[in-house]
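Enquirer: predicted coordinates and the sequence they were generated for:
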Protein chains: 2
Amino acid sequence: MRTIDWVDDAIEIVDQTALPATLVRVRITTVDDLIGAIRRLAVRGAPALGVAGALGVALAARTVAEAHLDAAVEQVAGCRPTAVNLGRGARRAAARIPDGAQAVLAEALLLRDEEIAASAVMAVRGADLVTELCGQRPTLLTHCNTGALAAVTGGTALGVVVELHRRRLLGGVIASETRPLLQGARLTAWELAAARVPFRLAVDSAGPFLMALGQVDGVILGADRICANGDVVNKIGSYAHALGARAAGIPFIVVAPESTIDPRTAAGSGVDIEERDPAEVLSYHGAEVAPRGTPAANPAFDITPHELITAIVTDRRTIRPNRGERP
Amino acid sequence: MRTIDWVDDAIEIVDQTALPATLVRVRITTVDDLIGAIRRLAVRGAPALGVAGALGVALAARTVAEAHLDAAVEQVAGCRPTAVNLGRGARRAAARIPDGAQAVLAEALLLRDEEIAASAVMAVRGADLVTELCGQRPTLLTHCNTGALAAVTGGTALGVVVELHRRRLLGGVIASETRPLLQGARLTAWELAAARVPFRLAVDSAGPFLMALGQVDGVILGADRICANGDVVNKIGSYAHALGARAAGIPFIVVAPESTIDPRTAAGSGVDIEERDPAEVLSYHGAEVAPRGTPAANPAFDITPHELITAIVTDRRTIRPNRGERP
């Protein structure tokens, strides 16, 4: 199963807002529908967003009048601001517009295939590194969702977890539920159960304490953007886990494809952190608790400074930011 | 309005599981009903639990046969293990059993009145200290619920917040939602709105990042048990906020009555941390996301080491643990 693909002249995605209750594939035939799907997080995860950006431009090249094509590309590229992959995928495909719609699609499909290959390579390199840094059969804490649902197949950090399990070198997983949109409770729990990986779900705020108790041997998660200085922008809550890992003296490992590295952003402080609808904080998968209209702070991402990061594993290399190495 | 009181020969509580949707007072006439109410968190918060323990023994002294009275006292004292106040309140009232049921009740009502007075004193001392440490009109982050609903009237940390607002010396509040049982989103939001204190709700994992962004000038919260070395046991998530506060260089302030200090527990590592039903992690105020039976880690409390604590404010004194002062 592919999270996102090109099928019969349209984009097909797994609708991640419907999981874990139902596995629904949605066919997307217009740029507006794709933008809507991206904004409501029906498709999410940095690698998957890169492919969505490229396929969105391929769709635009076939369906949007030439006079409106540039605007459509910019709409796709900018409909979520924080993950670098979306805009980068869109612009890479758009560079082929002069060669015709078929060339744009070919470029998008090439990006899709690169992300599939990158996942496979990261799983192997990451599993080797975790065994080196965390020892035999560690319990790893992960945050948000970084499995196949965040990529095309395989995944980033969760791909490493599954590879370790396949090698029989994993103790277990603590999956952070990842409020407000519960990518951990909904998506990671679903993927880990399907892969028969032993895990326990935990509220996000329990992570640092479970580390202090010695119940976690390492933290492994993905990235939405990796800055030139090694700062990592990722789902809100990542930074708190990084502080917990440092206090407990355990490795904090980021797994992300090279396509997530943004050399043009010097440091995390330069990244536009998406502030999402306060309503997300007031509810839980549709259930409401606090009265509507209650004010809320809802940054979708946070910034983990490079000095808190033990390693960044990409499809090409391993970077050790807290030793002064830079992407 | 009192969160817990003795009315017409029975215990009356505000049922906190029904808030914020409805404000329901529940009349409790048996020890079993009180234990049920404590276990399901219909009454919670360290000071309120102390009063519940004492009034529970007063109820037992009137309704339980003498042969079963000791067992009833122990059941009340031990039905939640982490907050020291519950057991201490129960045993203090039980010490008067030889003097008759009326003496037991008088002792419980004295404890109730002491907690009311302690709240008032802590509000003033805490507000003075916050102004000294955090400056004019700070934004304070608070976790869980420490308002009148956690005490009899007034509260602990939230009592300080309301006092600062009354003095016009408060900028605003970030209220952590406090998963899994949402005491922040349900109870603190309700109390702050009622007191017209400006606030924003946030998911728990956003706290440390909002601190790193400079949007928080201090953290203020309560305690379920304060150990002899100054370690503070409080709602899960407190430790993560303490790590965030240290990294951001802002004060981390605990407000709790003297009755929360437990000189017989040397350090946090000696405290029995209540592990609650995994089902709490899988759902949100009744709404379920992860499939039933999904394994979960659910420690209800965590331990903040004394070196991360700027100040503990009680009704008698201010202790500065990170300067080496001990309770």
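Expert: Sure thing, it's come through.

Enquirer: from here on, contacts and neighbour counts on C-alpha atoms
Expert: Fine.

Enquirer: what ranges of chain A fall below the confidence cut-off?
Expert: For chain A, no stretch is flagged by pLDDT under 70.

Enquirer: ok, which residues in it are in contact with chain B?
Expert: Counting by C-alpha under 8 Å from any C-alpha of the partner chain, chain A comes close to chain B at A:20, A:179-180, A:185-186, A:189, A:199-206, A:208-209, A:236-237, A:239-240, A:243-244, A:281-282, A:284-285, A:287, A:289-291, A:294-299, A:302-303.

Enquirer: just the buried members of these?
Expert: A:20, A:179-180, A:185-186, A:189, A:199-206, A:208-209, A:236-237, A:239-240, A:243-244, A:281-282, A:284-285, A:289-291, A:294-299, A:302-303 (16 or more other C-alpha atoms under 10 Å in any protein chain shown).

Enquirer: which residue ranges form the helices in chain A?
Expert: For chain A, applying DSSP state H gives helices covering A:31-39, A:46-63, A:66-78, A:84-94, A:101-134, A:157-166, A:183, A:189-194, A:207-212, A:238-248, A:279-282.

Enquirer: got the angle for the second one vs helix A:101-134?
Expert: Angular relation of helix A:46-63 and helix A:101-134 on a 0 to 180 degree scale: 180 degrees, by axes from the mean of the first three to the mean of the last three C-alpha atoms, to 10 degrees.

Enquirer: with only the CA atoms kept, save helix A:46-63 in CSV.
Expert: Only the C-alpha atoms of helix A:46-63 are listed here, as CSV (Å, rounded to 0.1, in the frame of the first residue of the first chain):
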residue,chain,number,x,y,z
ALA,A,46,7.3,15.6,5.3
PRO,A,47,8.2,13.0,2.6
ALA,A,48,4.5,12.5,1.7
LEU,A,49,4.0,16.3,1.5
GLY,A,50,7.0,16.5,-0.9
VAL,A,51,5.3,14.0,-3.2
ALA,A,52,2.0,15.7,-2.8
GLY,A,53,3.5,19.0,-3.9
ALA,A,54,5.1,17.4,-7.0
LEU,A,55,2.0,15.5,-7.9
GLY,A,56,-0.1,18.5,-7.3
VAL,A,57,1.9,20.5,-9.8
ALA,A,58,1.6,17.5,-12.2
LEU,A,59,-2.2,17.7,-11.7
ALA,A,60,-2.1,21.4,-12.3
ALA,A,61,-0.1,21.1,-15.5
ARG,A,62,-2.9,18.9,-16.9
THR,A,63,-6.0,20.7,-15.5
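
Enquirer: helices or strands next to that helix in the packing?
Expert: strand A:4-7, strand A:10-14, helix A:31-39, helix A:66-78, helix A:84-94, helix A:101-134 (3 or more C-alpha pairs under 8 Å, 6 or more residues apart in numbering or on different chains; DSSP states H and E).

Enquirer: same check, this time on the fourth one
Expert: In terms of contacts (3+ C-alpha pairs under 8 Å, 6+ apart), helix A:84-94 is packed against helix A:46-63, helix A:66-78, helix A:101-134.

Enquirer: that helix versus helix A:46-63: what angle between them?
Expert: Counting by the same axes, to 10 degrees, helix A:84-94 lies at 30 degrees to helix A:46-63.

Enquirer: now do helix A:84-94: distance to the chain's middle.
Expert: Centroid displacement of helix A:84-94 relative to its chain, using C-alpha atoms, centre = their mean, to the nearest Å, is 15 Å.

Enquirer: what about the residue nearest to A:Ala185 when sequence neighbours are not counted, how many neighbours?
Expert: Using C-alpha to C-alpha, 6 or more residues apart in numbering or on different chains and skipping the chain neighbours, the partner closest in space to A:Ala185 is A:Glu177 (4.4 Å). A:Glu177 sits with 27 neighbouring residues when counted by other C-alpha atoms under 10 Å in any protein chain shown.

Enquirer: what of A:Val24?
Expert: 13.

Enquirer: now swap in the one 10 residues further on and tell me
Expert: Using other C-alpha under 10 Å, A:Leu34 is surrounded by 24 other residues.

Enquirer: got the contact list for it?
Expert: Going by C-alpha atoms under 8 Å, 6 or more residues apart in numbering or on different chains, A:Leu34 touches A:Ile28, A:Ala52, A:Gly56.

Enquirer: and of those residues, the nearest to B:Pro263?
Expert: Nearest to B:Pro263 among those, counting by C-alpha to C-alpha, is A:Ala52 at 59.1 Å.

Enquirer: tell me the contacts of the closest one?
Expert: Here A:Ala52 is in contact with A:Ile4, A:Leu34, A:Val43, A:Leu86, A:Gly89, A:Ala90 (criterion: C-alpha under 8 Å, 6+ apart).

Enquirer: the fourth one and A:Gly53 touch, don't they?
Expert: Yes: taking contact to mean C-alpha atoms under 8 Å, the distance of 5.0 Å between A:Leu86 and A:Gly53 places them in contact.

Enquirer: now for the two: what residues contact both?
Expert: Residues touching both A:Leu86 and A:Gly53 by C-alpha under 8 Å, 6+ apart: A:Val76, A:Ala77.

Enquirer: and stretch A:30-43, which residues are buried?
Expert: A:Thr30, A:Val31, A:Leu34, A:Ile35, A:Ala37, A:Ile38, A:Leu41, A:Ala42, A:Val43.

Enquirer: please apply the same query to stretch A:120-135.
Expert: A:Ala120, A:Val121, A:Met122, A:Ala123, A:Arg125, A:Gly126, A:Ala127, A:Leu129, A:Val130, A:Leu133, A:Cys134.

Enquirer: nearest residue to the middle of chain A?
Expert: Nearest to the mean C-alpha position of chain A, by C-alpha atoms, centre = their mean, lies A:Gly45 at 3.1 Å.

Enquirer: skip the chain neighbours and tell me the closest residue to that residue.
Expert: Nearest non-adjacent residue to A:Gly45, counting by C-alpha to C-alpha, 6+ apart: A:Ala150, 4.0 Å away.

Enquirer: A:Thr17 too?
Expert: Using C-alpha to C-alpha, 6+ apart and skipping residues adjacent in sequence, the residue nearest A:Thr17 is A:Ala42, 5.3 Å away.

Enquirer: who's in contact with that neighbour?
Expert: Counting by C-alpha under 8 Å, 6+ apart, A:Ala42 makes contact with A:Ile13, A:Val14, A:Asp15, A:Gln16, A:Thr17.

Enquirer: just give me the closest of those residues to chain B.
Expert: A:Thr17 (11.4 Å; C-alpha to the nearest C-alpha).

Enquirer: list the contacts of the residue in the stretch 1-150 of chain A positioned nearest to chain B.
Expert: Minimum separation of the stretch 1-150 of chain A from chain B (C-alpha to the nearest C-alpha) falls at A:Pro20, amounting to 7.1 Å. With contacts defined as C-alpha under 8 Å, 6+ apart, A:Pro20 is in contact with A:Arg186, A:Leu187, A:Trp190, B:Val289, B:Ala290.
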